[in-house]
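Asker: give the three-dimensional model of this entry:
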Amino acid sequence: EIRGMLQPDARDDDLQVRQQVQRQLAQALFKLSVEFRKEETRFLNKMEAQKGLAAGSSIGLVEEEGGGSSAFADPGFTETQLMKVAQAETLVEERDEEIRKVVETIVELAQIMKDLSVLVVEQGTMLDRIDTNIGQTAMKVEQGVAELVRAEKTQRSGRAMMCIILLIVMIVVMLIVAIVRHV
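Answerer: Okay, here's the model as predicted:
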């Protein structure tokens, strides 16, 4: 009866737990990758839009000399040139900020990946410990079953021996009673 209580598929259960943990970690990694790709695509689209704007229109710091300019023109910047410089500076600052955000996102993603790898290692260690404990428990249960079987045999042989001794004693007592009655 005790042998029937042992579960021969304990290893299968352990394997299922490991596979489930691996699936969950893979799903978490997949979600992080998808999120990273979305952010990367969003950033690249933004950069392309800015490049397209910059490529489509020149900053034009140096204006083309038209027919109305003279050799005595002021060599300083005009107001339109200063506005274009300010716009260019604004675009550069925006790009700089976007690049900083991307770098921060990449650093965060790298940290998440490190944390995830630490979790995978820790959970693998925990699963190994659980596997070891399950194996030791199974061994101890088998040893306990063997001890119970031996104890049962000893108990049965002890009872039989007691019955035999009791019968011999009763036979001897009956013989003595029978001899005493005939004398």
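
Asker: elements contacting the one helix or strand L15 maps to?
Answerer: Secondary structure assignment for L15, by DSSP states H and E: helix 10-56. Where contact means 3 or more CB pairs under 8 Å, 6 or more residues apart in numbering; DSSP states H and E, helix 10-56 is packed against helix 79-182. Using the backbone N, CA and C atoms, a C-beta is placed for each residue, glycine as well.

Asker: give me the helices and strands touching the helix it packs on, please.
Answerer: Using 3+ CB pairs under 8 Å, 6+ apart: helix 79-182 touches helix 2-5, helix 10-56.

Asker: is it true that V17 touches L127?
Answerer: Yes - here V17 reaches L127: they are 6.9 Å apart, a contact under CB atoms under 8 Å.

Asker: pLDDT weak spots in the protein?
Answerer: 1-10, 52-76 (pLDDT under 70).

Asker: picking that back up, which of the helices and strands packed on helix 79-182 sits most buried?
Answerer: For the helices and strands packed on helix 79-182, the largest average neighbour count (mean count of other CB atoms under 10 Å) is found in helix 10-56, namely a mean of 12.

Asker: quick one on the thing from earlier: format the helices and strands packed on helix 79-182 as CSV; extra columns: distance to G158.
Answerer: Listed next are the helices and strands packed on helix 79-182 as CSV, based on distance: least, CB to CB, whole Å:
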stretch, distance to G158
helix 2-5, 21
helix 10-56, 35
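
Asker: looking at those, spot the one closest to V180.
Answerer: helix 2-5 (52.0 Å; CB to CB).

Asker: hang on, the earlier thing: could you give the angle of the helix holding L15 to helix 79-182?
Answerer: Per axes from the mean of the first three to the mean of the last three CA atoms, to 10 degrees, the angle that helix 10-56 makes with helix 79-182 is 180 degrees.

Asker: contacts only, for L109.
Answerer: Going by CB atoms under 8 Å, 6 or more residues apart in numbering, L109 touches L32, F36.

Asker: from L166, how far off is it?
Answerer: Going from L109 to L166 by CB to CB, to the nearest Å gives 84 Å.

Asker: and for Q16?
Answerer: Taking CB to CB, one finds Q16 at 56 Å from L166.

Asker: K31 now?
Answerer: Relative to L166, and taking CB to CB, K31 is found at 77 Å.

Asker: swap in L175?
Answerer: Distance, L175 to L166, by CB to CB: 15 Å.

Asker: check M113 too.
Answerer: 78 Å.

Asker: just give me the neighbour total for E98.
Answerer: E98 has 15 neighbours, counted by other CB atoms under 10 Å.

Asker: sorry, back to before: looking at the helices and strands packed on helix 79-182, which is nearest to K101?
Answerer: helix 10-56 (7.6 Å).

Asker: which SS state does F77 fall under?
Answerer: Here F77 is coil, with the state taken from DSSP: H, G, I helix; E, B strand; the rest coil.
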